[in-house]
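**Student:** Turn this into a structure:
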Amino acid sequence: METAHDAVMVPSPSQSLKLHDQCVNTYGKTFRVYGFGYFDQRVLTLDPRAMNYILNNNQIYEKPWQSQRMISNLIGNGLLSSEGMHHKKQRKVMNPAFSLSNMKAYSPIFLQKAHQLRRRWLGLIAGSEPAETLDLVHWISRATFDVIGLTGFNYVFNAIENEDNAVYLAYKEMFDLAVNQGQNLRALGSIWYPWLDTIWPTDATRVVKESHKIIYGVGNQLVQEAKRKIMEGTVDDKNSKSMLGLLIKSNLSNTNPEQQITDEDIMDQINTFFFAGSDTTSLALAWTFLLLCQKPQYQTQLRDEILSVYTPPDGDEEPDYSLDFSVIDNLPFLDKVTKESLRLIPPVHSSIRVALQDDVIPTKYPVKLGDGTETYGVKIAKGQFVHVPMEGFNLDKTVWGEDAWEPERWDKLPELVKEQPGLWQNILTFSSGPRSCIGQKFSIIE
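**Tutor:** I've put the predicted structure just below:
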């Protein structure tokens, strides 16, 4: 297989779009790239058959131990970091909690927080000292934390109004740290040598330790209280429908103790959901607002469509939180805007897997070899990394056409789209296979 000598930075979001196109044009859909030096040769593929095979064979391809350790150090051993039977057991317990009917039941909370955010923005714009700009990512992130607090374990952060809740601040500090630590050599070093954090603690180490103390302290109290009420039969409606309540009920329904997950596992899942579902949603919405601003005709069309089924309240009038989600779900232009935004700018840029054994990855398209010949299938050695370029698949010009934001493209998609991997709408935004995003329905509804 040919090696993309100039593609060392393929995983970097700032370079990947241009480099994906260059490499596909030069080397084909599947090629090798360098990681940390010449001897770290990895596979990067935009071949749909190859990626479907990789993502659906998690017994052969799993997250590298380095990724598992980095994630688990931050948010525990939840779905994002666990592998093998541990992951399978967690997923089995969690699946009932994430059913479509349970997710739809959260619609009033989404509407409540949307209106609260709207009132906050109107107050900032029309106040005695009107704000000239609003940081949408920051503000929407505050709203998504409120949403996950209420839906997750009926916990009130009230972050839209004030950012002074200790648990909220602990999460934010820890997650801000996660965004930057990948570029920190010291942080990377502690993945290979965990003892560094003991003998040479950094500010980041102390932040995580203090944040864990606050989060797990409050979290464990909530878990034990919810568990007690469910077992006694005294749990109220709000707590029984929270993800924590649903998780505990699902877990207790397994009569085989070996099929149950621990209380610590449950807390790790809540942490994982905060980590995976707060800033990703705020980024997706902020980008969508920007794209709508750049094309006012779409903004007007979308606003008119929404106002045809829902009228926002005037002044201090109490909003109607009972709007059925199916009404919103059946708005055709909103549907196309959502699909196109999540295709064009996926909040998660890429992922990575490691081969647990020697293997041959099947391909649809021919693979160019170093001697100029072509073959089908990619030989991969045990321990070799495979990149999962979510953005690359979503923006493959040979499949989707040009990269422009065009919601109308969903009226008539190219035939090749049907072959693309993806849990939702043949895009890789929510990944695919046994490790696909369990919160996909929640995210779309939100």
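**Student:** so which helix or strand takes in the residue most central in space within the chain?
**Tutor:** By C-alpha atoms, centre = their mean, the chain has its centre lying nearest to Ala276, at 4.6 Å. In this assignment (DSSP states H and E), Ala276 forms part of helix 263-277.
**Student:** mind listing what's buried in the following helix or strand past that helix?
**Tutor:** With elements assigned by DSSP H and E, the helix or strand that comes after helix 263-277 is helix 279-294. Neighbour-count burial for helix 279-294 flags 279-289, 291-292 (criterion: 16 or more other C-beta atoms under 10 Å). No exception for glycine: its C-beta is placed from N, CA and C like everyone else's.
**Student:** residues in contact with helix 279-294?
**Tutor:** 136-138, 140-141, 143-144, 175, 179, 298-299, 302, 337-338, 341-342, 344-345, 347-348, 405, 443, 446 (C-beta atoms under 8 Å, 6 or more residues apart in numbering).
**Student:** Identify those among the residues you listed that sit within helices.
**Tutor:** 136-138, 140-141, 143-144, 175, 179, 298-299, 302, 337-338, 341-342, 344, 443 (DSSP state H).
**Student:** Quick check, pLDDT for the residue lying closest to Pro389 once chain neighbours are set aside.
**Tutor:** The shortest distance from Pro389 to any non-neighbouring residue, by C-beta to C-beta, 6 or more residues apart in numbering, is to Ser350 (5.2 Å). pLDDT, Ser350: 90.
**Student:** which ones are touching Ser350?
**Tutor:** Neighbours of Ser350 in contact, by C-beta under 8 Å, 6+ apart: 11, 16, 387-392.
**Student:** Could you identify the buried members of the residues you listed?
**Tutor:** The neighbour count (16+ other C-beta under 10 Å) marks 11, 16, 387-392 as buried among these.
**Student:** how about those, which pair is most distant?
**Tutor:** Using C-beta to C-beta, the two most remote members of those are Ser16 and Val388, lying 12.1 Å apart.
**Student:** For my notes, confirm Val360 occurs in a strand.
**Tutor:** Yes. Counting by DSSP: H, G, I helix; E, B strand; the rest coil, Val360 is located in a strand.
**Student:** How about the contacts made by the residue lying closest to it once chain neighbours are set aside?
**Tutor:** Leaving aside its sequence neighbours, Val360 sits nearest to Gly377 (C-beta to C-beta, 6+ apart; 4.9 Å). Neighbour list for Gly377: 360-363, 367 [criterion: C-beta under 8 Å, 6+ apart].
**Student:** How many neighbouring residues does His20 have?
**Tutor:** Using other C-beta atoms under 10 Å, His20 has 21 other residues around it.
**Student:** ok, now how distant is it from Val354?
**Tutor:** As defined by C-beta to C-beta, to the nearest Å, His20 lies at a distance of 21 Å from Val354.
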